[in-house]
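Engineer: all I have is the shape, not the residue letters:
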C-alpha cells in the first residue's frame, strides 16, 4: 500500500491545482501504476478522506490554500494562531521554543505529544534543541536516522575483512576485539593489547603461542602468558573460522552465502544481538535497543542484495568487502518513540506525523529554509536533464530537489491544527 500527498481533486488523468508543487508525487504515482500494469499486478487508487477537514485554524487553513497559489489570497483578519519569533542565535531560539512549550502545557492547552518541532537543518540544530528541551524537563523524541557504520556488528564484519586482507594489523585486530563480540573481558583485552604493542606482535605470530616475557619466567609470568594465549586463541580461532568459511568462494554470491553462514553459526551474531537488546532494555536504553534490534536484519538484507547483485560474477574478496562497506554506508536506522508523551523533533523530509496541535518551525532563514543550492554531484545539470529525457530519473536533479523541499514545507505548515510558530535567527549556526 502506497500513500501520496496530492492536491484536492487531482487524478492521474488530468491537470490539477498547484500542478508544479505536486508534479513529483504525481509522476511517482503514474510510474507505480505503470509498473503494476507491466507486471500484470492489479492496482487500484482511492481517495483517503481528509481526517482533519475543517479542524485547521483559520490561519493555517488560509496558508495551506495560498502558500504556493497564484494569485494568492490575503488573510484580512488579525492572526491569532500564527506567530513569528525573532531570536539571536540557535541556542536562544531553542530556549524560546522550550519556554513556549512549557507555557502551552502548563495552561492545559496541549500535551507534549501534541507538539512538533521541525527544522531544515536538524543535523546542526538537533543537538542544541535536545539539550535545551531536556534542561527544561521536556521529554522529546528525535525523529532522525543514524548511520550504522560505527555499530559494533558492522565493525566486526569489516574488521574481519581487513585482518584477512592485511594480515593481523594491530588496528584491525583490536578494532575486532573492541566490538565486544569476541568472548573477552575489558581487562583481558587491555592486557593483550599492551603485550602486542610491547613485543610488536603481527602476522603469523598471532598463530603461534606467545612465549616472550620481560624478566624472569616465574609462576606469575606463566599464568599471565596463559591468559594472553587464551585471548590470542579466541581471536586467531575466530579469524581461522572466517577464513575457512570463505575458502573456495569465488563469486560474489558464494561469498555472500559464506559470510551469512559464518555470522549466523560461528559468530552467533543473531543470538548476541538478541542478548544485547535485552541488556540495553534492562538498562533503560530503549532507543539503542531499538536500533540494535534492526542491525541483524539490516545485515541480512544487505547480504541478500549482494547475492542478487553479484550472483555468479567472479570477484576478489577485497572487492566484495569494498562493496559491502559501501552498502553499510548507505544503511540508516530510524526508530519509533519509546514513550507516548513526547515532543517530536525532526526535519522537513522525515517528519511525516500527520497533524499536531502546535508546530514550531525553526531556522526560517535564507539558505536554510529554503535551502541554497547543494553540491552538483558527478553529473552536470544539463546531463541530468538529458538522462531524464531518456527515461533515467536521478533523484538529485535540482528541479526535483526544489519540488521535494516545497512539498515538505507545505506538508509541515499544514500539520498545525491550532498554533503555528515560525522562528528565525539573526545569526546562522556557522557564525
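Structural biologist: Sure thing, it's come through. Only a predicted model underlies this, so the values are computations on that prediction, with no experimental measurement involved.
Engineer: ends of stretch 157-176, what's the gap?
Structural biologist: 8 Å (C-alpha to C-alpha, to the nearest Å).
Engineer: just the buried positions in whichever strand or helix holds residue 160, please.
Structural biologist: Using DSSP states H and E, residue 160 sits in helix 152-166. Using 16 or more other C-beta atoms under 10 Å as the test for burial, helix 152-166 gives 152-164. Using the backbone N, CA and C atoms, a C-beta is placed for each residue, glycine as well.
Engineer: beyond that helix, next helix or strand please.
Structural biologist: helix 170-177.
Engineer: which one of the buried residues of helix 152-166 sits closest to residue 85?
Structural biologist: Taking C-beta to C-beta as the measure, residue 85 lies nearest residue 154 of these, at 40.9 Å.
Engineer: report the separation between that closest one and residue 331.
Structural biologist: Counting by C-beta to C-beta, to the nearest Å, the gap from residue 154 to residue 331 is 8 Å.
Engineer: identify the contacts common to the two.
Structural biologist: residue 148 (C-beta atoms under 8 Å, 6 or more residues apart in numbering).
Engineer: what is the end-to-end distance of stretch 95-114?
Structural biologist: First-to-last residue span, stretch 95-114, C-alpha to C-alpha: 19 Å.
Engineer: show me what counts as buried in that stretch.
Structural biologist: 95, 96, 97, 98, 100, 101, 104, 105, 110, 112, 113, 114.
Engineer: and for stretch 289-306?
Structural biologist: For stretch 289-306, by 16+ other C-beta under 10 Å, it's 289-296, 298-299, 302-303, 306.
Engineer: please enumerate the helices of the stretch 101-250 of the chain.
Structural biologist: With helices called from DSSP state H, counting those that start in this stretch, the stretch 101-250 of the chain shows them at 122-135, 152-166, 170-177, 186-199, 219-246.
Engineer: contacts for the second one, please.
Structural biologist: For helix 152-166, contacts defined as C-beta under 8 Å, 6+ apart pick out 148, 169, 172-173, 175-176, 178-181, 238-239, 242-243, 246, 259, 263, 267, 269, 273, 295-296, 299, 317-318, 321, 324-325, 328.
Engineer: from those, keep the buried residues only.
Structural biologist: The buried subset of the contacts of helix 152-166 - by 16+ other C-beta under 10 Å - is 148, 172-173, 175-176, 178-179, 181, 238-239, 242, 246, 259, 263, 267, 269, 273, 295-296, 299, 317, 321, 324, 328.
Engineer: residue 311 and residue 256 touch, don't they?
Structural biologist: No: here residue 311 lies out of contact with residue 256, judged by C-beta atoms under 8 Å, at a distance of 9.3 Å.
Engineer: more neighbours, the two?
Structural biologist: Remark: of residue 311 and residue 256, residue 256 carries more neighbours, 24 against 12, as counted by other C-beta atoms under 10 Å.
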